[in-house]
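# Attaching a predicted model along with its sequence, questions to come.
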Amino acid sequence: MNSSVVKSIVLHLGIGGFLYASANIHPPTPKVMEVTLNSAIPTPDKAVSAVTVDQKQVEQKIAELQKKEKDKKSAEDKRIRDLERRAANARKQRESEARNIKKLEQERKAKEKEKAQAEAEAKKARAIEQKERAKAKQAENQKQEAENAAKVAADKRNAEEEALKKAEAERKKREEEAKERAAEAERKRQQAMQEQMLQEQLAKEQAARSKIRQQQVVSEVDKYRALIMARIQQNLLIDEKMKNQQCRVNIRLGFNGLVTQVKSLGGDKLVCEAALRAVRMADTLPVSKDKDVFEKLKNINLTIKPEF
């Protein structure tokens, strides 16, 4: 059982207790009659007692319940704002990390390009040096030429070994970078999942809040419909000819409960006349200050059944 239903039950119990207390304190008023729907036919010698409701005390009880609902709504709104703030912070952090990753990747590519250029220039310089060295040694004897050839071969072998070492180092470096990229991708995936879960939770909270609000509006509308019906029944002058008869009426109300229009929608002629007269006598009827509740009360249809 939700809180709105519990509060409605408590309110009705409170009003019932107040009516009981009022009946024990105040003598019955001749002009107001207490009638019960579908009750047995009263005997002529049985007196009809009336119970008047202190409207101010009823409104005070209603105001207390509305304050509790307002406090609860404020707490719920704060929790929703906290969730929205956390989601926004998570999104900003993710965007900042993405920018840092992009910047690091650009710096890495720039360094690789500079390194490749330096290696190309070094290689070119070595080739020029070897060529000049070979020209310088042309005038030497065969032995010197053989030694030079051997030295060139050794240099070439060393260069190939160095190139192999560099290639191996580059391969390992690429593997490490691939692992880092995979780890970063996994981290971003986890972060995206967390953000999605947060968004889903926020959506559920908003849906629950909307559902609670709808339930509150329906409960308030039912409550004020009952209060309006009670006010009309208090002013309804009944006759035995109206027994088991009814009339359906349409009532239009101003924002302060002022009756701006009332008309019959069909039913017993005597009941309809009495119902229209009772509504006009009331002049103003109970309405809620809540805009959503008032929208459902400002143009309502009621079925009036005399209570005997």
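Arrived safely. A quick note: this is a predicted structure, and the numbers were derived from the prediction, not measured.

# what's the longest strand seen in the chain in contact with?
Secondary structure of the chain read by DSSP state E shows that its longest strand is strand 259-267. Strand 259-267 is contacted by residues 245-254, 272, 275-276, 279-280, 282-285, 301, 303-304 when judged by C-beta atoms under 8 Å, 6 or more residues apart in numbering. For the C-beta atoms, the positions are set from N, CA and C on the backbone; glycine is no exception.

# Quick one, which of the residues you listed are buried?
With neighbours counted by 16 or more other C-beta atoms under 10 Å, the contacts of strand 259-267 contain buried members at Gln245, Cys247, Val249, Ile251, Leu253, Cys272, Ala275, Leu276, Val279, Ala282, Leu285, Ile304.

# Let me have the residues you listed in TSV, adding secondary structure and distance to Arg126 as columns.
Shown next, in TSV, are the buried ones among the contacts of strand 259-267 (DSSP: H, G, I helix; E, B strand; the rest coil; distance: C-beta to C-beta, whole Å):
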residue	secondary structure	distance to Arg126
Gln245	coil	117
Cys247	strand	112
Val249	strand	107
Ile251	strand	103
Leu253	strand	100
Cys272	helix	114
Ala275	helix	112
Leu276	helix	113
Val279	helix	109
Ala282	helix	109
Leu285	coil	103
Ile304	strand	110
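
# tell me which residues of the longest strand of the chain are tucked away?
Residues Val259, Val262, Ser264, Gly267 are the ones in strand 259-267 that count as buried (16+ other C-beta under 10 Å).

# Report the beta-bridge partners for the second one.
Put plainly, it is Val262. Taking DSSP bridges as the rule, Val262 bridges to Ile251.

# mind listing the helices for the stretch 151-300 of the chain?
Applying DSSP state H, counting those that start in this stretch to the stretch 151-300 of the chain gives helices spanning 269-282, 291-297.

# Packing partners of the longest one?
Packed against helix 269-282, as judged by 3 or more C-beta pairs under 8 Å, 6 or more residues apart in numbering; DSSP states H and E, are the following elements: helix 142-235, strand 247-253, strand 259-267, strand 299-304.

# hey, which of these is tucked in deepest?
When the helices and strands packed on helix 269-282 are scored by mean count of other C-beta atoms under 10 Å, the highest mean neighbour count falls to strand 247-253 (a mean of 19).

# Quick one: list the elements packing against that one.
strand 259-267, helix 269-282, strand 299-304.

# Compile the buried ones among the contacts of strand 259-267 into JSON lines and extend it with columns for pLDDT and distance to Val218.
As requested, the buried ones among the contacts of strand 259-267 are exported to JSON lines (pLDDT from 0 to 100; distance: C-beta to C-beta, whole Å):
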{"residue": "Gln245", "pLDDT": "93", "distance to Val218": "30"}
{"residue": "Cys247", "pLDDT": "94", "distance to Val218": "25"}
{"residue": "Val249", "pLDDT": "95", "distance to Val218": "22"}
{"residue": "Ile251", "pLDDT": "95", "distance to Val218": "19"}
{"residue": "Leu253", "pLDDT": "94", "distance to Val218": "18"}
{"residue": "Cys272", "pLDDT": "95", "distance to Val218": "28"}
{"residue": "Ala275", "pLDDT": "94", "distance to Val218": "25"}
{"residue": "Leu276", "pLDDT": "95", "distance to Val218": "28"}
{"residue": "Val279", "pLDDT": "94", "distance to Val218": "24"}
{"residue": "Ala282", "pLDDT": "88", "distance to Val218": "24"}
{"residue": "Leu285", "pLDDT": "93", "distance to Val218": "19"}
{"residue": "Ile304", "pLDDT": "93", "distance to Val218": "22"}
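
# Kind regards, and thank you for your time.
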